[in-house]
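> fold the following and give me the result.
(one chain, ligands or ions: 1)
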Amino acid sequence: MTVRLRPEIAAVPPYQQGRPAPQGGYKLSSNENPFPPLPAVVEAVQREAEHVNRYPRPGAPQLRAALAEELGVDAERVLIGDGSATLIQQLIHAVAGPGDEVVYAWRSFDAYPLFVRTGGATPVEVPVDAEHRHDLDAMAAAITERTRAVIVCSPNNPTGTIVTADELDAFIARVPADVLIMLDEAYIEFVREPTANGIELQRQHANLVVLRTFSKAHGLAGLRVGYAVGDPAVLRGADLCGVPLSQTSLASTAAIAALEHVGETFARIDVLADQRDALWQRLVDAGVPVPKPFGNFFWIPSRPGQEDAIHDILDANRIVAKVFTDGTRVSVGEPEADEHILAAAIAIQAIQ
Ligand code: PMP
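Modelled structure (predicted):
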């Protein structure tokens, strides 16, 4: 006899873990920020470390207030989580259970199907279009009376594309008011073109919640801190699906320090976005059909069945990237990694 898992849990495929970086190579598989944390952030964490015998304050009220001020919203419209992935899970579990459906683009962030399935609900995956963008028409058409949530990821992980403000407006108008719209903006700080303004939209639509994180642009991935912005009643439901006191005092202290020094962070983001755009141009010039990247990563499309060959190419070029059945996602990293990315992308394209 073995322990019986809930059937919906037993049926979930395992989450694909990243590989370690090769000796002397570059880890470009998790869309991390290659810059080390800001000195002010490290100092704040060191100061806070002296108090870790105490539990954190529930709900990280100081970070919540700081974010509310930064975003120009009431504090009750902000919920802090231990990473935005956790908040996405909490929101999905708050609205969708057995018999319910959650609609999202595919391919998109691979934790979405995990969270939908562990909550007992059914994923409805709507293929991205030929340009690797959300097909919002098809997503709207996929909504049924069983749909409890839709997820829009912009920039989309892993394809790097965005939805425009007009596209999102038209989509929202087609989503019933009792269906949650989750706008996952994990990479929004890297977008330099005008795009949908999630913070503005959540003011107008009580069913829209924006998700953001300190893991990417702010470079605090190891501390796990993210936030949701939206209707207080929806956030209360999500909060109930989380673990009390799970946001650590170190994480919220670091995030507050990061907000106080956001100018330095934006200067770094500019460097990374310049590097991204320059490398993208070289990739396109070399004939690699990478969609224009808006986050801190590139999408190199490929045919199914080539995963082993692509891993060999990445190993030979001393980079780790995330390989899927239909493409490879490579993060913008140290500038020295650019030549390795270019060589690997050209080699991948040569076997298409
Ligand atoms: N959303 C997207 C689209 C992501 O790519 C990620 C991280 N890979 C997350 C959310 C979660 O980030 P975190 O939990 O670190 O905030």
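
> any buried residues in the host helix or strand of residue 315, and which?
Residue 315 is part of helix 307-316 when elements are defined by DSSP states H and E. Neighbour counts over helix 307-316 (16 or more other Cβ atoms under 10 Å) mark 310, 313, 314 as buried. Where you see a C-beta, it was placed from the backbone N, CA and C, and this is true even at glycine.

> can you name the next helix or strand after the lengthiest helix in the chain?
As assigned by DSSP state H, the longest helix anywhere in the chain is helix 262-285. Later in the chain than helix 262-285, the nearest helix or strand by DSSP H and E is strand 297-301.

> so which elements touch that next one?
helix 262-285, strand 327-331, helix 338-350 (3 or more Cβ pairs under 8 Å, 6 or more residues apart in numbering; DSSP states H and E).

> circling back to that earlier point, what's in contact with the longest helix of the chain?
Helix 262-285 is touched from outside by 33-35, 38, 70, 189-190, 192, 217-219, 258, 290, 292-293, 296, 298, 300, 332, 335, 338, 341-342, 345, with contacts defined as Cβ atoms under 8 Å, 6 or more residues apart in numbering.

> going through the residues you listed, which ones are buried?
Neighbour counting by 16+ other Cβ under 10 Å classes 33-34, 38, 189-190, 217-219, 258, 290, 292-293, 296, 298, 300, 332, 338, 341-342, 345 among those as buried.

> get me the contact residues on the protein for the ligand.
31, 83-85, 109, 153, 157, 184, 186, 213, 215, 221, 226 (Cβ under 6 Å from any ligand atom).

> and those, which of them are in helices?
Per DSSP H, the subset of the residues of the chain next to the ligand in helices is 84, 85.

> how about the residues of the chain next to the ligand, which pair is most distant?
Across the residues of the chain next to the ligand, the longest distance by Cβ to Cβ is 17.6 Å; it joins 153 and 221.

> and the two? Which one has more around it.
Using other Cβ atoms under 10 Å as the criterion, residue 153 and residue 221 rank with residue 153 on top: 27 against 17.

> just list whatever residues bridge to the residue lying closest to the more buried one once chain neighbours are set aside.
Leaving aside its chain neighbours, residue 153 sits nearest to residue 184 (4.3 Å; criterion: Cβ to Cβ, 6 or more residues apart in numbering). When assigned by DSSP bridges, residue 184 has beta-bridge partners residue 153, residue 211.

> which residues are in contact with residue 184?
Residue 184 sits next to 84, 88, 109, 151, 152, 153, 154, 211 when contact means Cβ under 8 Å, 6+ apart.

> now residue 128
Applying Cβ under 8 Å, 6+ apart to residue 128 gives the contacts 105, 106, 107, 108, 134, 135, 156, 159, 161.

> now tabulate those in CSV and tack on secondary structure, neighbour count and pLDDT.
Converted to CSV, the contacts of residue 128 look like this (DSSP: H, G, I helix; E, B strand; the rest coil; neighbours: other Cβ atoms under 10 Å; pLDDT from 0 to 100):
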residue, secondary structure, neighbour count, pLDDT
105, strand, 28, 98
106, strand, 16, 98
107, coil, 21, 97
108, coil, 22, 98
134, coil, 27, 98
135, coil, 17, 98
156, coil, 27, 98
159, coil, 28, 98
161, coil, 21, 98
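
> report the two of those residues separated the most.
Among the contacts of residue 128, 106 and 161 lie farthest apart (Cβ to Cβ), at 13.1 Å.
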